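> can't give you the sequence, but here's the structure:
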Ligand SMILES: CC(=O)[C@@H](O)[C@H](O)COP(=O)(O)O
Ligand SMILES: NCC(=O)COP(=O)(O)O
């Protein structure tokens, strides 16, 4: 029995789930040998406040999330059967060993290099398709949903679906950079067209990177079918001021303001 995949699919009724990325809690923790702030305590508090998922990106250099964090979070989440565990990373680096061991609900494949400052691009299809097929197939056989981290390129959506991906995660940095500028609507339309192409190809849709309390509602109001947003950097920064619980509630309010009820 897959330890983390729920017996029944975790369906949020097409509503947008909030998955909190805990990378930056681990980043701060790693600056001393004191074990604080605790990653598992952060997870417990954001889940008690209503978050529907936890996301981590255990990079090969362990600059933030470590392998031990992943196993401790997997253990914690056994007590939260309706919560999704999303583990991100490059499947050609360390990620597949983690997926085989933990079998989270979702694996998000990201084409980062080992020392990359942060994620800053999606997969190139069809160029990357040949090597992605095998790891997508293996991951799905393990009962783990596959999401491909993708730029807002409508023309790549069919190729992502043909590879067997269940979802694409729209890389939202371009939107976040344009938000509040005269280019906002033009850039947003690229995401709308990409989401429409993804849905037409039979893919489900996630989104993430640089989303925050200012730009989230406009994105969800415009872009159809977003099942999950994974948010870390801005959310943890907000939590330094507001606390985890009030911050999660505020992000849920942003989702609800978009007219897309937050997942229950
Ligand atoms: C894939 C993505 O956009 C982010 O989830 C990524 O985890 C950010 O990584 P850092 O937190 O190391 O910047
Ligand atoms: N996949 C995006 C994610 O998990 C968090 O990205 P960010 O909010 O830290 O930019």
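That came through, no problem. Note that the structure is predicted; figures quoted are calculated from it, not measured. Ligands and ions are numbered 1, 2, ... in the order given.
> Please make it C-alpha for all contacts and neighbour counts, starting now.
Noted.
> quick one, what contacts whatever residue of the stretch 1-150 of the chain ends up closest to ligand 1?
For the stretch 1-150 of the chain and ligand 1, the shortest gap (Cα to the nearest ligand atom) falls at residue 118, measuring 4.0 Å. By Cα atoms under 8 Å, 6 or more residues apart in numbering, the contact set of residue 118 is residue 112.
> and if you look at the one 4 residues further on?
Contacts here follow Cα under 8 Å, 6+ apart; on that basis residue 122 touches 110, 111, 148, 149, 150, 151, 171.
> Please tell me how far it sits from ligand 2.
Separation of residue 122 from ligand 2 (Cα to the nearest ligand atom, to the nearest Å) stands at 11 Å.
> where does the residue of the stretch 1-150 of the chain closest to ligand 1 land in three-state SS?
coil (DSSP: H, G, I helix; E, B strand; the rest coil).
> Residue 174 too?
From three-state DSSP, the assignment for residue 174 is helix.
> Correct me if wrong: it contacts residue 185.
No - counting by Cα atoms under 8 Å, residue 174 sits too far from residue 185 to count as a contact (11.7 Å).
> before we move on, the earlier item: now the contacts of residue 122 in TSV, with distance to residue 40?
Shown next, in TSV, are the contacts of residue 122 (distance: Cα to Cα, whole Å):
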residue	distance to residue 40
110	24
111	27
148	26
149	25
150	29
151	31
171	26
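> Of the residues you listed, keep whichever come out buried.
Burial by neighbour count, judged by 16 or more other Cα atoms under 10 Å, picks out 110, 111, 148, 149, 150, 151, 171 from the contacts of residue 122.
> picking up where we left off before, from the contacts of residue 122, which land in strands?
In this view, those that belong to strands under DSSP state E are 148, 149, 150, 171.
> Between which two of the residues you listed is the distance greatest?
Maximum pairwise distance in these, criterion Cα to Cα, is 9.8 Å, between 148 and 171.
> residue contacts, residue 153?
Applying Cα under 8 Å, 6+ apart to residue 153 gives the contacts 190, 191, 194.
> just checking, which of these belong to helices?
The helices, defined by DSSP state H, take in 190, 191, 194 from the contacts of residue 153.
> rewinding a little: so can I have JSON lines of the contacts of residue 153 showing pLDDT?
As requested, those are exported to JSON lines (pLDDT from 0 to 100):
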{"residue": "190", "pLDDT": "98"}
{"residue": "191", "pLDDT": "98"}
{"residue": "194", "pLDDT": "98"}
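> ok, and the most crowded of those residues?
residue 191 (26 neighbours; other Cα atoms under 10 Å).
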